[in-house]
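Undergrad: no sequence on hand, only this structure:
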Ligand code: DGY
């Protein structure tokens, strides 16, 4: 079948470099120009008869969606490194290739985790609101005191690409780095002097705990009442991974009762909803899932997702194929 015959749907406006690749290679590219999150019904309707889907993390691509597309669906190219929105076994079962965008957002995401760490420890968001409200009437020795960063202990939960980049950037701040992960990361140990410890020890000892694990059954609510009890009262939690890794109600309790000092949060348990009490807390800095949102990085993600999709439709092996077994059979 020629590339010209394939039908592709892009579920939301993505940066132009990605759209350019699709349009240069394919004749039938449909784009949701409304630039809103598709409802389930809209997704199931628009997916019908497709050969390729360029999806976002906001769409649940499960067996039902794949069946709604039909047996000709060959590839789902996710515009994200995380792919917990896609039922990978269901895709593999149906011979559908699934791809993601690893590597290109490592720096942007880890930079943003640092931005949240600084904003949280040094109370920047709250101080900004205060200043704009014209409440600043002169320097005060007790005003907006936060927590030190330089020389403190940074705990990295999940030593994948982004966790390692976060750790590497701590060097200038002369931090002690602990990490917890299933696997030992010798490079991280040699280059940053990081020490692998049990999750509980990391919680006990860290001044900043930064979360970088994917969302899996085993990481769902990894942070719960027990974990927050194990953290220092002066510690901060930073989450740029996936919302459901943190039990949001437990986080609210920990922040309200002073079990931890603060939290910098980019992702939520039930996005785009946010726990109503979390919004009221001054010791939380909240962002709308924008850790990878730089012009350069989002451009690279779009390019990568589009290239993966085109490669799959050409019958080639896409660079970022998550289920190579569909080609091996
Ligand atoms: C991802 O890629 O998984 C992020 O959450 C969004 O960039």
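TA: Thanks, I have it. What you see is a predicted model, and the numbers here were worked out from it, not measured in a lab.

Undergrad: for residue 163, list the residues it contacts.
TA: Applying Cβ atoms under 8 Å, 6 or more residues apart in numbering to residue 163 gives the contacts 156-157, 179, 181, 210, 212. In short, each C-beta sits where N, CA and C put it, glycine included.

Undergrad: pLDDT on whichever strand or helix holds it, on average?
TA: Taking DSSP states H and E as the definition, residue 163 sits inside helix 161-168. What helix 161-168 shows for mean pLDDT is 98.

Undergrad: and this protein, which residues reach the ligand?
TA: 57, 80-82, 105, 292 (Cβ under 6 Å from any ligand atom).

Undergrad: hmm, back to that, and the helix holding residue 163, what's buried?
TA: Buried residues in helix 161-168, counted by 16 or more other Cβ atoms under 10 Å: 161-167.

Undergrad: what of stretch 48-63?
TA: For stretch 48-63, burial by neighbour count (16+ other Cβ under 10 Å) applies to 50-59, 61.

Undergrad: equivalent analysis for stretch 270-284, please.
TA: Quick answer for stretch 270-284 (16+ other Cβ under 10 Å): 274-275, 278, 281, 283-284.

Undergrad: how far off centre is it?
TA: Stretch 270-284 has its C-alpha centroid displaced from the chain centroid by 18 Å (Cα atoms, centre = their mean, to the nearest Å).

Undergrad: follow-up on the earlier one: what's the closest of the buried residues of helix 161-168 to the ligand?
TA: residue 162 (9.4 Å; Cβ to the nearest ligand atom).

Undergrad: quick revisit: biggest separation within the buried residues of helix 161-168, which pair?
TA: 161 and 167 (11.0 Å; Cβ to Cβ).

Undergrad: what about the residue most central in space within the chain, is that helix, strand or coil?
TA: Nearest to the mean C-alpha position of the chain, by Cα atoms, centre = their mean, lies residue 241 at 4.1 Å. Judged by DSSP: H, G, I helix; E, B strand; the rest coil, the three-state class of residue 241 is coil.

Undergrad: strands along the stretch 151-300 of the chain, start to end?
TA: 153-157, 176-180, 195-196, 208-211, 236-239, 262-265, 284-286 (DSSP state E, counting those that start in this stretch).

Undergrad: any chance of these in a markdown table, with distance to residue 86 too?
TA: Formatted as a markdown table, the strands of the stretch 151-300 of the chain follow (distance: least, Cβ to Cβ, whole Å):
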| stretch | distance to residue 86 |
| --- | --- |
| strand 153-157 | 23 |
| strand 176-180 | 26 |
| strand 195-196 | 30 |
| strand 208-211 | 21 |
| strand 236-239 | 21 |
| strand 262-265 | 24 |
| strand 284-286 | 26 |
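
Undergrad: make a markdown table out of these and add distance to residue 256 and mean pLDDT.
TA: Output for those, formatted as a markdown table (distance: least, Cβ to Cβ, whole Å; pLDDT from 0 to 100):
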| stretch | distance to residue 256 | mean pLDDT |
| --- | --- | --- |
| strand 153-157 | 22 | 98 |
| strand 176-180 | 26 | 98 |
| strand 195-196 | 32 | 98 |
| strand 208-211 | 18 | 98 |
| strand 236-239 | 14 | 99 |
| strand 262-265 | 11 | 98 |
| strand 284-286 | 10 | 98 |
